[in-house]
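1. no FASTA, just this:
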Ligand SMILES: Cc1cc2nc3c(=O)[nH]c(=O)nc-3n(C[C@H](O)[C@H](O)[C@H](O)COP(=O)(O)OP(=O)(O)OC[C@H]3O[C@@H](n4cnc5c(N)ncnc54)[C@H](O)[C@@H]3O)c2cc1C
Ligand code: FES
């Protein structure tokens, strides 16, 4: 079962054990993780589900599509090499431990 | 002082009670807790289930792509973890303003320090005979969507009345289910006055190409049936279009009854000021049910969107925790109809001029709507980056002229970057 750790800017963490099939965004919204706004419900329309991926992300997710890439240029906090939209990060059993950092602002 | 700007009147006497456990109600409860509010927060909802998202109901939910559990607005433990008392399956029926108590349909009496009306809206009934036949369905709630899913399995002839967002989204979902729906509307233009003519024309053409029959300028006069079940839609020119499923999407009516019963001012919504306060300092209204002053000078408006519900909720929570500011968020909206993804930044109402930019490579399109020489809205089809940049442009007040947009190299993003850059360089 994938285990995802959401790290806030102030260092506080939320650790969730999640079933494969959900996304990093949906799981965060369901659990009320602060800072994942996800206003469009995962439809690649809002860029308010931005995260910086950390440990455990290498090679387990497909790369960003063109649409995601364009939206990543429009996030509230600066884009970095490890920026992703969490609604596009589907958890599979390949993901064991994943750390994502939540940016300070989404809107 | 502007009424309602006094800020924190939410303490004591029962804390905050929210009527309506939808997008706006859930957000105000969450934002209150996030701001450190620690008096009771009670969320009352008429629907018999925890709060859920509506947008997917006319889209991926119908396509069977989203299980019920994923529709929830928040997880099961969310409310308990935050000390938000969620009372679902109960309707608020009476509001005593002088005693500051709310009564629910099961007799529960809830005293409040501040009352938030987030009651949403309901589908406008079809103003023609036959609207109650079996097989005629509106689309607002999960119950409606579940009924539609069931009926879509066996439906053959689907007619959609109303070529608005929900009607067209539903039509696209029908096509995905292998049906060729007929959509009719009294208006000549799809999506009414919510979008500009070029955007409407683009959608009409694309829906047609994908197999939807659009009958614009066509008024339904009667729904006909046999044994209580709908069999067709009769139109003003006397023809009858066969139908075993009729979906109505002819707009909504704001749920203002509770407010009106309590003597609050209503006018196409519960009337509030720029702080989202009603005339009663202990009562506010947000979301689909609230008629508020347009911060961009368009008079009193009422909007139906997730953005409006969520941003108004945040604004109100800030006031109730001592950080009052007028509501002035830039409206934005999305709708996707099959593979056509529409996003709107700003409000196109009252525009008098458009400049269209097409992207041949992606088949995308952005329509820039101007009132006089000022940009008031940007509608984008399959151009999410244009939309995001347009939101920044409109919110920042950076000047954009029709000539700018018509220039060969124009992009909203580059324009924004240039403008903020030159501002930064300009002497203070
Ligand atoms: C099918 C559909 C598709 C949509 N698609 C989009 C989209 O793509 N993009 C977008 O931005 N917006 C979309 N919307 C609009 C968006 O869902 C609404 O604007 C939003 O839900 C408004 O939130 P609200 O909290 O004001 O109202 P609601 O979400 O309607 O919540 C109000 C709640 O209050 C309850 N209630 C009313 N009266 C009482 C009472 N007296 N006592 C107790 N409870 C009461 C109601 O039962 C309801 O559950 C869509 C709406 C629908 C129906
Ligand atoms: S939730 Fe809107 S882009 Fe991810």
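-> Perfect, thanks for sending it. Note that this is a predicted model, so its numbers are computed, not measured. Numbering: from 1, shown residues only, chains lettered A, B, ... in the order given. Ligands and ions are numbered 1, 2, ... in the order given.
2. Go ahead and list the helix or strand containing the residue in chain A positioned nearest to ligand 1.
-> Among the residues of chain A, residue A:40 lies closest to ligand 1, at 7.7 Å counting by CB to the nearest ligand atom. All C-beta spots, glycine's among them, are computed from the backbone N, C-alpha and C. For residue A:40, there is no host helix or strand (DSSP states H and E).
3. which residues touch residue B:393?
-> B:375, B:378, B:400, B:412, B:415-416 (CB atoms under 8 Å, 6 or more residues apart in numbering or on different chains).
4. Show me just the buried residues among those residues.
-> B:375, B:378, B:400, B:412, B:415-416 (16 or more other CB atoms under 10 Å in any protein chain shown).
5. From residue B:397, how far out is residue B:328?
-> 11 Å (CB to CB, to the nearest Å).
6. out of the two, which sits in the more crowded spot?
-> residue B:328 (13 against 10; other CB atoms under 10 Å in any protein chain shown).
7. Do you know the pLDDT at that one?
-> pLDDT recorded at residue B:328 is 96.
8. Tell me the secondary structure at it.
-> coil (DSSP: H, G, I helix; E, B strand; the rest coil).
9. That one is in contact with residue B:294, isn't it?
-> No. At 9.6 Å, residue B:328 does not count as touching residue B:294 under the criterion of CB atoms under 8 Å.
10. which residues touch the most centrally placed residue in chain A?
-> The geometric centre of chain A, computed from its C-alpha atoms, lies nearest to residue A:86 (CA atoms, centre = their mean), at 2.8 Å. Going by CB under 8 Å, 6+ apart, residue A:86 touches A:23-25, A:28, A:36, A:38, A:49-51, A:100.
11. now these as a markdown table including secondary structure, distance to residue B:308 and neighbour count?
-> Compiled in a markdown table, the contacts of residue A:86 are given as follows (DSSP: H, G, I helix; E, B strand; the rest coil; distance: CB to CB, whole Å; neighbours: other CB atoms under 10 Å in any protein chain shown):
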| residue | secondary structure | distance to residue B:308 | neighbour count |
| --- | --- | --- | --- |
| A:23 | strand | 25 | 20 |
| A:24 | helix | 27 | 29 |
| A:25 | helix | 22 | 26 |
| A:28 | helix | 23 | 28 |
| A:36 | coil | 20 | 24 |
| A:38 | coil | 17 | 21 |
| A:49 | coil | 19 | 30 |
| A:50 | strand | 22 | 29 |
| A:51 | strand | 26 | 27 |
| A:100 | strand | 29 | 25 |
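12. Return only those of those residues found close to chain B.
-> Applying CB under 8 Å from any CB of the partner chain, the subset of those adjacent to chain B is empty.
13. which one in these is the model shakiest on?
-> residue A:38 (91).
14. so what's the closest residue in space to that residue that isn't next to it in sequence up against?
-> Spatial nearest neighbour of residue A:38, chain neighbours left out: residue A:49 (4.3 Å); criterion: CB to CB, 6 or more residues apart in numbering or on different chains. Applying CB under 8 Å, 6+ apart to residue A:49 gives the contacts A:25, A:28, A:36-38, A:42, A:85-87, A:106.
15. Farthest-apart pair in the residues you listed, please.
-> A:42 and A:106 (14.0 Å; CB to CB).
16. Between the contacts of residue B:393, which sits nearest residue B:157?
-> For the contacts of residue B:393, the nearest to residue B:157 is residue B:378 (37.7 Å; CB to CB).
17. Break chain B down into its structural domains.
-> What automatic domain parsing lists as the domains of chain B is B:3-122+B:253-320, B:136-250, B:339-425.
18. how close does residue B:381 sit to residue A:14?
-> Taking CB to CB, one finds residue B:381 at 37 Å from residue A:14.
19. do residue A:57 as well
-> 17 Å.
20. Over to residue B:332?
-> 28 Å.
21. And these two? Which one has more around it.
-> The neighbour count for residue B:332 versus residue A:14, taken as other CB under 10 Å, is higher for residue B:332 (27 against 16).
22. what about the helices in the stretch 1-150 of chain B?
-> B:23-34, B:78-81, B:142-154 (DSSP state H, counting those that start in this stretch).
23. list the buried ones in the longest one?
-> It stands for helix B:142-154. Those would be B:142, B:144-145, B:147-149, B:151-152, for helix B:142-154 by 16+ other CB under 10 Å.
24. do stretch A:74-84 as well
-> A:74-75, A:79, A:83-84.
25. Can you pull the residues of chain A lying near chain B?
-> Counting by CB under 8 Å from any CB, chain A sits next to chain B at A:22, A:26, A:29-32, A:34, A:39-41, A:43-47, A:67, A:70-71, A:73-74.
26. tell me the phi and psi of the residue in chain B that ligand 2 sits nearest to?
-> For chain B and ligand 2, the shortest gap (CB to the nearest ligand atom) falls at residue B:384, measuring 8.4 Å. When read as degrees, to the nearest 10, the backbone of residue B:384 gives phi -60, psi -30.
27. What of residue A:31?
-> According to degrees, to the nearest 10, residue A:31 has phi -90, psi 0.
28. quick one: pLDDT of it?
-> 85.
29. cool, residue B:360 as well?
-> pLDDT, residue B:360: 81.
30. For the stretch 1-150 of chain B, which residues are neighbours of ligand 1?
-> B:19-25, B:44-47, B:54-55, B:57-58, B:91-92, B:118-120, B:139-140 (CB under 6 Å from any ligand atom).
31. Can you say which of those residues are buried?
-> So, by 16+ other CB under 10 Å, the buried ones in those are B:19-25, B:44-47, B:54-55, B:57-58, B:92, B:118-120, B:139-140.
32. Out of these, which sit inside strands?
-> B:19, B:44-45, B:92 (DSSP state E).
33. Closest one of these to residue B:71?
-> residue B:45 (14.5 Å).
34. mind listing what the closest one touches?
-> Contacts of residue B:45 by CB under 8 Å, 6+ apart are B:20-22, B:25, B:51, B:86-90.
35. check those against chain A, which are close?
-> Near chain A, by the rule CB under 8 Å from any CB, you find none of those.
36. Ramachandran angles for residue B:404?
-> phi -50, psi -50.
37. Return the residues of the stretch 301-428 of chain B in contact with ligand 1.
-> Neighbours of ligand 1 within the stretch 301-428 of chain B, by CB under 6 Å from any ligand atom: B:304-307, B:309, B:333-335.
38. Counting neighbours, which of the residues you listed comes out on top?
-> Neighbour max across these (other CB under 10 Å) = residue B:309, 27 neighbours.
39. what about it, which SS state?
-> Assignment for residue B:309 (three-state DSSP): helix.
40. And it, how close does it get to chain A?
-> 10 Å (CB to the nearest CB, to the nearest Å).
41. Check whether that residue really touches residue B:289, as I assumed.
-> No. Residue B:309 lies out of contact with residue B:289 (CB under 8 Å); the separation is 9.6 Å.
42. so what sits against both of the two?
-> What both residue B:309 and residue B:289 touch, as defined by CB under 8 Å, 6+ apart, is the set residue B:118.
43. okay if I get the domains of chain B as a markdown table plus distance to residue A:3?
-> Output for these, formatted as a markdown table (distance: least, CB to CB, whole Å):
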| stretch | distance to residue A:3 |
| --- | --- |
| domain B:3-122+B:253-320 | 17 |
| domain B:136-250 | 31 |
| domain B:339-425 | 31 |
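44. weakest of those domains in terms of mean pLDDT?
-> domain B:339-425 (a mean of 89).
45. ok so, going back, any idea how far the residue nearest to the centre of chain A is from residue A:49?
-> Residue A:86 is 4 Å from residue A:49, by CB to CB.
46. again with residue A:25
-> From residue A:25 over to residue A:49 (counting by CB to CB), the distance is 4 Å.
47. Could you report the neighbour count for residue B:303?
-> Counted with other CB under 10 Å, residue B:303 comes out at 19.
48. same check, this time on the one 10 residues further on
-> One way to gauge burial is a neighbour count; for residue B:313, by other CB under 10 Å, it gives 26.
49. Specify the local secondary structure of it.
-> Applying three-state DSSP: residue B:313 is helix.
50. What parts of chain B come near chain A?
-> So chain B meets chain A at B:30, B:34, B:53, B:55-56, B:70, B:72-75, B:77-78, B:81-82, B:306-307, B:310, B:334, B:336, B:341, B:343, B:384-385, B:387-389, B:392, B:413 (CB under 8 Å from any CB).
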